[in-house]
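Novice: fold the stuff below for me.
(one chain, ligands or ions: 1)
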Amino acid sequence: MIDPKLLASRFPGDFTFGVATASFQIEGASRTDGRKPSIWDAFSNMPGRVHGRHNGDVACDHYNRWEDDLDLIKDMGVSAYRFSIAWPRIIPDGTGPINEKGLDFYDRLIDGLKARGIKAFATLYHWDLPLTLMGDGGWTARSTAYAFQRYAKVVMARLGDRLDAVATFNEPWCSVWLSHLYGVHAPGERNMDAALHALHYTNLAHGLGIDAIRQVAPQVPAGLVLNAHEVIPGSDSQADRAAAERAFQFHNGVFFDPVFKGEYPADFLSALGTRMPKIEAGDLEVIGQKIDWWGLNYYTPMRVADDPTPGAEFPATVAAPPVSKVKTDIGWEVYAPALKSLVEGLYKRYELPVCYITENGACYNMEVEHGVVDDQQRLDYYAEHIGVVADLIEDGYPMRGYFAWSLMDNFEWAEGYRMRFGLVHVDYGTQVRTVKKSGQWYGELAVQFPKGNHKAG
Ligand code: IFM
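Specialist: Below is the predicted model:
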């Protein structure tokens, strides 16, 4: 087992170790204190969308147990907490009246973090769009971007004074492609035209959100969290290498290029540009304004081969087989070298600001036995990937922090509660939390870390 103290000593003194969660996945209390439904409440209540028709009504009951959960973070020795704010608690219909009770909850949460000396990293949008906005088309409507801007302003005006960092969006790849093209996430659309509209309006909302943050809380470092894919060609053939480049544009470039270069990727535009909504004058300037940091969520690489089907739609790729035999319980290939090459490749293509690994972790579903959860595989996954982050720092990349996904087992979207990513086990019947072996190890790493190498501190 990798010694957490040794690993901790490879990080500079100003590095941040944290844990991450998201509102819909843990809060529950879906009808409490004025919250109204989000698209995920509707989606999870439809038969056939979420495993076992699980929903977010109770989840980890964090809305009521937040103090104990913050104590848990504190007791683990972790110094930063990444959480998301539920738009349907703050502006329950997406537009219209503000719900003070919703803001009060995050007020208490952030004060609770400060009282425990834990840094607060907030995400404004982690997929729980107020359901009412679907009446206008949800993310396929330009008006949703402006509704998001107002929501961002309201949140930052009330909470910005105590936040250590804020992200506009978590993983727009999921709320765009997975939700509007592949139909796996809410609202479950399978339609390229809808997806292309969601793409541009999400990017626009990010830019408008940055504007809002700069206006009302300019002191808070503002960023964007992307689940960039390390796209690996299935073979060395020219066709597969070209396929990998198309896949890069489709899965990464459509988010990175507008934000960091102020344009959409050329091949993507010539294939699908005519089906995009009108890009109005000034949109790309708003989207491309400077941000202070970016977050990378990494779990597994993407391997692709050319799709030879005549007329196959851009990016015209098919999945290529994994090379690593090791897979987590959700079926994702474990391959840490891809984290290294992904960061290297992205810094080569783009002028990126400092980076936080805002999510990384593994799904293993072992249960509590005799009071313990022996999840050695998760611990190994963490040790290997955190080692890669240390390598990147040694190579000069501006890696500023690492957040484990997740603090605790939670609602894993279309997989419901059957897939567990937590450092802490949750018994959904009793809401008892049990720190897993990996959680103890991560806590030791986090506790030891400030005593580590302070060369950059
Ligand atoms: O649970 C999700 C999280 O909400 C976003 N990133 C990936 C995690 C694991 O699937």
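
Novice: write out the residues of the chain neighbouring the ligand.
Specialist: Neighbours of the ligand within the chain, by Cβ under 6 Å from any ligand atom: 22, 25, 171, 297, 359, 405, 412, 421. C-beta here means a position set from N, CA and C on the backbone, and glycine is covered the same way.

Novice: at 8 Å instead, please
Specialist: By Cβ under 8 Å from any ligand atom, the part of the chain that sits against the ligand consists of 22, 25, 126-127, 170-171, 174, 227, 297, 299, 330, 359, 361, 363, 405-406, 410, 412-413, 415, 419, 421.

Novice: how about low-confidence regions in the stretch 251-400 of the chain?
Specialist: By pLDDT under 70, the stretch 251-400 of the chain has no low-scoring segment.

Novice: show me the helices in it, by range?
Specialist: Taking DSSP state H, counting those that start in this stretch as the criterion, the stretch 251-400 of the chain carries its helices at 254-261, 266-272, 283-287, 337-349, 376-394.

Novice: circling back to that earlier point, in strands, which of the residues of the chain next to the ligand appear?
Specialist: Cross-referencing the residues of the chain next to the ligand against strands under DSSP state E gives 170, 297, 359, 405.

Novice: top of these by neighbour count?
Specialist: Within these, most neighbours by other Cβ atoms under 10 Å means residue 170, with 25 neighbours.

Novice: contacting residues around that residue?
Specialist: By Cβ atoms under 8 Å, 6 or more residues apart in numbering, the contact list for residue 170 reads 22, 84, 123, 125, 126, 127, 225, 297, 358.

Novice: could you find the closest non-adjacent residue to it?
Specialist: Once flanking residues are discounted, residue 170 sits nearest to residue 126: 4.3 Å by Cβ to Cβ, 6 or more residues apart in numbering.

Novice: surely that neighbour and residue 23 touch.
Specialist: Yes. Shown here, residue 126 and residue 23 form a contact pair, counting by Cβ atoms under 8 Å, at 6.2 Å.

Novice: give me the common contacts of these two.
Specialist: Counting by Cβ under 8 Å, 6+ apart, the residues touching both residue 126 and residue 23 are residue 84.

Novice: which residue is nearest the centroid of this structure?
Specialist: In the chain, the residue lying closest to the centroid (Cα atoms, centre = their mean) is residue 170, at 4.0 Å.

Novice: tell me the bridge partners for that one.
Specialist: Applying DSSP bridges to residue 170 gives these bridge partners: residue 225.

Novice: quick one: residues contacting residue 373.
Specialist: 366, 367, 425, 434, 436, 437.

Novice: how does it look with 10 Å?
Specialist: 364, 366-367, 409, 420, 422-425, 434-440 (Cβ atoms under 10 Å, 6 or more residues apart in numbering).

Novice: how about the contacts made by residue 433?
Specialist: Residues counted as contacts of residue 433 (Cβ under 10 Å, 6+ apart) are 60, 65, 68-69, 72, 407-409, 422, 424-427, 439.

Novice: what's opposite it in the beta bridge?
Specialist: Taking DSSP bridges as the rule, residue 433 bridges to residue 426.

Novice: start the count at 509 instead of 1 going forward.
Specialist: I'll keep to 509 as the first residue from here, and by that count the last item is residue 941.

Novice: picking that back up, mind picking the two most distant members of the ones in strands among the residues of the chain next to the ligand?
Specialist: Greatest spatial distance in these: 678 and 913, 10.6 Å, computed using Cβ to Cβ.

Novice: so what sits against both of these two?
Specialist: With Cβ under 10 Å, 6+ apart, residue 678 and residue 913 have common neighbours 528, 530, 590, 805, 866, 867.
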